[in-house]
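[1] return atomic coordinates for the entry below.
(chains A, B, C and D)
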2 protein chains.
Amino acid sequence: MTVDKPLRADAQRKRDALLATAREVFDAGGFFDLRFDDFARLAGVGTGTLYRHFPTREALAEAVYHGEIAAMCDRVRQLRAALPAAEALATFLRGMVDHIDAHEGLARTLSTLMATRSGALTEGSRALEQAVTDLVAAAVRDGTVRDDVNAGAVMMALHGIGAAHDRPGWRAEADDVITLVLDGLRRPL
Amino acid sequence: MTVDKPLRADAQRKRDALLATAREVFDAGGFFDLRFDDFARLAGVGTGTLYRHFPTREALAEAVYHGEIAAMCDRVRQLRAALPAAEALATFLRGMVDHIDAHEGLARTLSTLMATRSGALTEGSRALEQAVTDLVAAAVRDGTVRDDVNAGAVMMALHGIGAAHDRPGWRAEADDVITLVLDGLRRPL
DNA sequence: TAGAATATGGAGGCCATCTCCATTTGTCAA
DNA sequence: TTGACAAATGGAGATGGCCTCCATATTCTA
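    Model (predicted):
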């Protein structure tokens, strides 16, 4: 859709610096506590430059998010190649909880963005959703998963897990949600 | 905990006006688009007064939220008195989806607040969580629900449903999540 | 290496948030 | 009632973060 214009050397350098700093701040979880102007300074870049590359906080977040999403999609593909669909799904979901657990700050940032409904992210996560949907569809074809439930429900549950990240017993509860989803997904009766 | 100090007559009047206006704006879904100062004018109140009664947007939201929470807790209690625990739980969860569906704006506002992790709300929803936890515990005692899954998982799923409120096929997916949770909750094997 | 194109940075404008206090309103004792 | 004190009001203006603008600097191309 968007044609990548060849970026000038210095521009590319600044952009990279911005992204690198963003990733750090993201993982530290302070993405929303930091003044945007200060963020520019932190990356060794002028305010104007920051705004030209990323007009909004969300734009910046999305740029970082893209890499994450790509990695997750890869993982889905790998699992799907290596395991029966139902097992791949289970492994993927369990893995997601691990991942979110290990990247606390990032998880928080993302769920905040989701809720703020920046649209850009809804867009960005489409790829992941598609991958999960395919996985569920494959499991349905195998007959290991019921066919009367939309794959979107799985995304919704996942969303809930991410969004509730600050609950005290988060890890245990997240695992339980996955258990419920997985068991509920088996053909009933 | 907090002792209610006898509020002066005019203060009470203003406070009520504020709350009434807040409820309207809430339900219309424009709670975050409205300048806080304008909100004061809308309620026929000075800025200073608004801030004295509700120091932050969140404080105001919480005040409105309290009523909602109380109503939901009542509903849980009623259902529990009228039905076997497992059925009460199912009915309650289905009802929640209806309720969120019918109060779009409010749902959005609340989930935004949740994600912003205002703390006050986590606090406020404790009562509802307790009610649900009790309900699940009762169902476990009845032997109709498995005992190896934390009730918090149900809250998490519910949270996900509310937070994902802007998804295209929301209603259907929300119903599916409830189906998964309910089926997953039955003692497996 | 000169000129055109592209990118930079940070001073300053803008605007929502919140504070402060002179004034108004309510309460209560006499 | 009324006077006097406490409680509450409202809105002008300080504060401070977000973003724009453009004079200057850097890179590219021929």
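[2] ok, which residues in chain A are in contact with DNA strand C?
    Residues of chain A lying near DNA strand C by C-beta under 7 Å from any atom of the strand: A:7-8, A:10-11, A:13-15, A:37, A:44-49, A:51-53. Where you see a C-beta, it was placed from the backbone N, CA and C, and this is true even at glycine.
[3] apply 10 Å and report the result again.
    Within chain A, the positions near DNA strand C by C-beta under 10 Å from any atom of the strand are A:5-18, A:37, A:40-41, A:43-53.
[4] out of those residues, who's near DNA strand D?
    Checking the residues of chain A next to DNA strand C against DNA strand D (C-beta under 10 Å from any atom of the strand), the matches are A:6-14, A:37, A:40, A:46-52.
[5] what helix or strand does the residue sitting nearest the centre point of chain A sit in?
    For chain A, the residue nearest the mean C-alpha position is residue A:69 (5.3 Å; C-alpha atoms, centre = their mean). Element membership of residue A:69, judged by DSSP states H and E, is helix A:57-82.
[6] now swap in residue A:32 and tell me
    Counting by DSSP H and E, residue A:32 is held by no secondary-structure element, helix or strand.
[7] how close does the closest residue to it other than its chain neighbours sit to residue A:58?
    Excluding the flanking residues, the one nearest residue A:32 by C-beta to C-beta, 6 or more residues apart in numbering or on different chains is residue A:112, at 6.3 Å. Distance of residue A:112 to residue A:58, given as C-beta to C-beta, to the nearest Å: 10 Å.
[8] with residue A:41 instead?
    Applying C-beta to C-beta, the value for residue A:41 to residue A:58 is 20 Å.
[9] show me where chain A dips below the pLDDT cut-off.
    By pLDDT under 70, the weakly predicted segments of chain A are A:1-3, A:113-124, A:188-189.
[10] hmm, back to that, can I get the buried part of the residues of chain A next to DNA strand C as one ChimeraX selection?
    The following ChimeraX line selects those of those that are buried, judged by 16 or more other C-beta atoms under 10 Å in any protein chain shown:
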select /A:14,15,17,18,40,43,45,49,50,53
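[11] which SSE is the residue of chain A found nearest chain B in?
    Closest to chain B within chain A is residue A:160: 1.9 Å, counting by C-beta to the nearest C-beta. According to DSSP H and E, residue A:160 maps onto helix A:152-163.
[12] just want the angle from that helix to helix B:152-163.
    Relative orientation of helix A:152-163 versus helix B:152-163 (axes from the mean of the first three to the mean of the last three C-alpha atoms, to 10 degrees): 100 degrees.
[13] buried stuff in helix A:152-163?
    Quick answer for helix A:152-163 (16+ other C-beta under 10 Å): A:152, A:153, A:154, A:155, A:156, A:157, A:158, A:159, A:160, A:161, A:162, A:163.
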